[in-house]
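[1] sequence first, then the predicted structure:
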Amino acid sequence: MNSKFAIVGAGLIGRLLAVALAQRGAHVDLFEIGGPEALESPARIAAAMLAPLAESTITENNVVNMGVYSLPRWKKIIGELSTPVYFQQDGTLILWHHQDTSDAERFAAHLKKNCAANNLLSAPQHLDRIALHSIEPNIANRFTQGLYLPNEGQLDNRQLLAALLLELDILKVNCHWHTSAEPEQLQITNGYRWVIDCRGLGAKAAWQSQHELSDLSSLSTNLAQSNSLRGVRGEVIRLHAPKVNLRRPTRLIHPRYPIYIAPKEHDIYVVGATEIESEDLSEMSVRSAMELLSAVYTVHSGFAEARILEMATQCRPTLKDNLPEIRVKKTINTSGLMMINGLYRHGFMISPAILDCALELLENAESKTALDLGLSIQREPSLERLSACV
Ligand SMILES: Cc1cc2nc3c(=O)[nH]c(=O)nc-3n(C[C@H](O)[C@H](O)[C@H](O)COP(=O)(O)OP(=O)(O)OC[C@H]3O[C@@H](n4cnc5c(N)ncnc54)[C@H](O)[C@@H]3O)c2cc1C
C-alpha cells in the first residue's frame, strides 16, 4: 500500500491506523489538534478494560463480538511495537455486598442468557469464599462470594499511547501536532488517496451536517441524520494504593454507585466511571468524587490510605444508537473520505476489530470482517471503484 493518506485525530483509532498504514508502506500525514501526550483524548484517561462479557449486559451483540475478536488481536498489535505495553488477560471479578444480592443475581442471569445466545462467550463462574480467596486473596475478608468472567482483559492505555507515539516516529509518519485540520479541506487540496477522519467528538459537525449528505441515497440520508454524534461525560479517579493488592479488573455491583477498579502496574488503580448524558468537560463534581471514593473504600479498606493522583473528566464519542460506525463517502477528484466514530465506552475493547475493518475497506473496498462482526458501514456506491484501485 504505497498511497498517500491523511489521518485527522491522533487519539486511539487515529494512532492505531497511522501505525498500521505506515507498517504497510504507506505515506501517512497525521494531524492532531493537541500534542503528542493525547491530553485531549478520552483514551488517555480510560480504564482500558477489555471486557466483552461484562459489557454484554449493556451493549449489542455485534460490539460484544468485536470485543471477543479484538482480545487476541491486541496481543499481536502490542507484540509488534518496539516498547512493551502492559496487557493482562486474567478475567474480570464481579463483587457485591450482601444487601445487593438480588441485583447480582439479576446480573448473573443476564450474563448466563447472553452466553447461551453467543457461543463465543465463556460462561461466568460462581465463586464461593474459598474460590474467591484463591483468585483474589486480599478481597475475601469482605466478600463471601463473587463471579469470575474468564478471558477478559485490560491494558495500560498510557503506555499504549506512548508506544504508538514512538512507533509513529520510527515509521516516519509525518505528525502535525497542535494542528486543527478539516478532513474535507485536506481531501480537496493535498493529493491524498484517502483522508480518514478519526476526530472523535471533534467530528461532531461533520456527522451532523446535512449538506454533506445530499448525495447519499435517501436510505443512507435518513440513517445518517438520525445518527448524530454526542459526548457522554465520564469521570475517573487515579489512585496510588500500595496497601491494596488487586490482581485483575474488579466491578462492584451497586444500585447507586456501580464502579470498576482497574489495577495497573506499580500499585496504580483507575476507579470509574460515571456516565452522564452531558458534554460538560469541566472538573469532576463533588458528588461523583464522593460516590467513586466511598464505593471503592467498601471494596478494600486499603484504599483509605491511597493517594489521589488525578481526578479526570472526558467525553466518550457516541452515536445515537451507542454503536460504532464507519462511513465512506464523497469523491472529490480521486480522493476518498473515511469517517470512523462512535467508539463510545468501548474504544479499547473493539478498536483492533475496527482497525482491521478499516484496513480491509481501504485495501479491497469490502470488509468481510465487518460483515462477520456486524459493524455498520455506510458507503457511497461510487466509491467502490475508487477503493478497488488503491
Ligand atoms: C472515563 C472513560 C473511561 C473509559 N474506559 C474505557 C474502557 O475501560 N474500555 C474501553 O474500551 N474504552 C473506554 N473508554 C472509551 C475510549 O476511551 C474511547 O472509546 C476512545 O478513546 C475513542 O477513540 P477515538 O480515537 O475514536 O477518539 P479520541 O480518543 O477522542 O481521539 C480523537 C482525537 O482527535 C483529536 N481532534 C479532535 N478534533 C480535531 C481536529 N479538528 N483536528 C485534529 N485533531 C482533532 C482529539 O484531540 C483527539 O486526540 C473510556 C472513556 C472514558 C471517557
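    Received it, and whenever you're ready, just let me know what you need. Numbering: from 1, shown residues only.
[2] what stretches of the protein score poorly on pLDDT?
    209-227, 330-334, 381-390 (pLDDT under 70).
[3] helices along that one, start to end?
    Using DSSP state H, the helices found in the chain span residues 12-23, 42-45, 52-55, 61-79, 101-117, 129-135, 157-170, 183-189, 204-208, 218-225, 286-299, 347-364, 368-373, 383-388.
[4] gap between the two ends of stretch 371-380?
    Taking CA to CA, to the nearest Å, the first and last residues of stretch 371-380 lie 17 Å apart.
[5] any buried residues in it, and which?
    373, 375, 376, 377, 378, 379, 380 (16 or more other CB atoms under 10 Å). Bear in mind the C-beta positions are built from the backbone N, C-alpha and C, glycine included.
[6] residue 310 is nearest to which of the helices of the chain?
    Evaluated over these, closeness to residue 310 peaks at helix 42-45, with 8.0 Å, by CB to CB.
[7] on that earlier part again, can you add distance to the ligand and give the buried residues of stretch 371-380 back as JSON lines?
    Formatted as JSON lines, the buried residues of stretch 371-380 follow (distance: CB to the nearest ligand atom, whole Å):
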{"residue": "373", "distance to the ligand": "15"}
{"residue": "375", "distance to the ligand": "14"}
{"residue": "376", "distance to the ligand": "15"}
{"residue": "377", "distance to the ligand": "16"}
{"residue": "378", "distance to the ligand": "16"}
{"residue": "379", "distance to the ligand": "19"}
{"residue": "380", "distance to the ligand": "22"}
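[8] next, format those residues as a markdown table and append distance to residue 106.
    What follows is these, written out as a markdown table (distance: CB to CB, whole Å):
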| residue | distance to residue 106 |
| --- | --- |
| 373 | 28 |
| 375 | 30 |
| 376 | 30 |
| 377 | 35 |
| 378 | 36 |
| 379 | 40 |
| 380 | 44 |
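[9] next, count neighbours for the closest residue to the ligand within the stretch 1-150 of the chain.
    Across the stretch 1-150 of the chain, no residue is closer to the ligand than residue 11, which sits at 1.8 Å (CB to the nearest ligand atom). For residue 11, the neighbour count with other CB atoms under 10 Å is 24.
[10] excluding residues flanking it in the chain, which one is nearest it?
    Leaving out its chain neighbours, the residue that sits closest to residue 11 by CB to CB, 6 or more residues apart in numbering is residue 41, at 3.6 Å.
[11] got a list of what that neighbour touches?
    For residue 41, the contact set (CB atoms under 8 Å, 6 or more residues apart in numbering) comprises 10, 11, 12, 34, 161, 200, 314.
[12] which ones are touching the closest residue to residue 278 other than its chain neighbours?
    Nearest residue to residue 278 in three dimensions, chain neighbours excluded: residue 233, at 4.7 Å (CB to CB, 6+ apart). Residues near residue 233 by CB under 8 Å, 6+ apart: 274, 275, 276, 277, 278, 279, 280, 281, 313, 314, 315.
[13] how near is residue 233 to residue 115?
    Distance, residue 233 to residue 115, by CB to CB, to the nearest Å: 31 Å.
[14] now residue 1
    Taking CB to CB, one finds residue 1 at 39 Å from residue 115.
[15] how about residue 254?
    Using CB to CB, we find residue 254 at a distance of 23 Å from residue 115.
[16] re the thing from before, by neighbours, which of the contacts of residue 41 wins?
    That'd be residue 10 among these, by other CB under 10 Å, with 32 neighbours.
[17] around the ligand, pick out the residues from the stretch 1-150 of the chain.
    8-14, 31-34, 38, 40-43, 45-49 (CB under 6 Å from any ligand atom).
[18] would you list every one of the strands in the stretch 201-350 of the chain?
    Per DSSP state E, counting those that start in this stretch, the stretch 201-350 of the chain carries strands over the ranges 229-240, 250-253, 259-263, 268-272, 307-319, 325-332, 335-341.
[19] pretty sure residue 285 sits against residue 235.
    Yes - at 7.5 Å, residue 285 counts as touching residue 235 under the criterion of CB atoms under 8 Å.
[20] so what's the residue count around residue 184?
    Neighbours of residue 184 (other CB under 10 Å): 15.
[21] any idea how far it is from residue 326?
    Separation of residue 184 from residue 326 (CB to CB): 17 Å.
[22] cool, residue 27 as well?
    For residue 27, the distance to residue 326 equals 22 Å [CB to CB].
[23] my guess is residue 228 meets residue 318, correct?
    No - the pair residue 228 and residue 318 does not pass the contact test of CB under 8 Å, sitting 10.0 Å apart.
[24] please say which of the two ends up with more neighbours.
    Neighbours were counted for residue 228 and for residue 318 using other CB under 10 Å; residue 318 has more, 22 against 14.
[25] just give the closest residue to whichever residue of the stretch 51-200 of the chain sits closest to the ligand, not the sequence neighbours.
    Taking CB to the nearest ligand atom, the ligand has its nearest neighbour within the stretch 51-200 of the chain at residue 200, 2.6 Å off. Nearest residue to residue 200 in three dimensions, chain neighbours excluded: residue 317, at 4.1 Å (CB to CB, 6+ apart).
[26] residue 24 now?
    Leaving out its chain neighbours, the residue that sits closest to residue 24 by CB to CB, 6+ apart is residue 1, at 4.5 Å.
[27] from the stretch 151-300 of the chain, which residue is nearest to the ligand?
    Closest contact between the stretch 151-300 of the chain and the ligand, by CB to the nearest ligand atom, is at residue 202 (2.2 Å).
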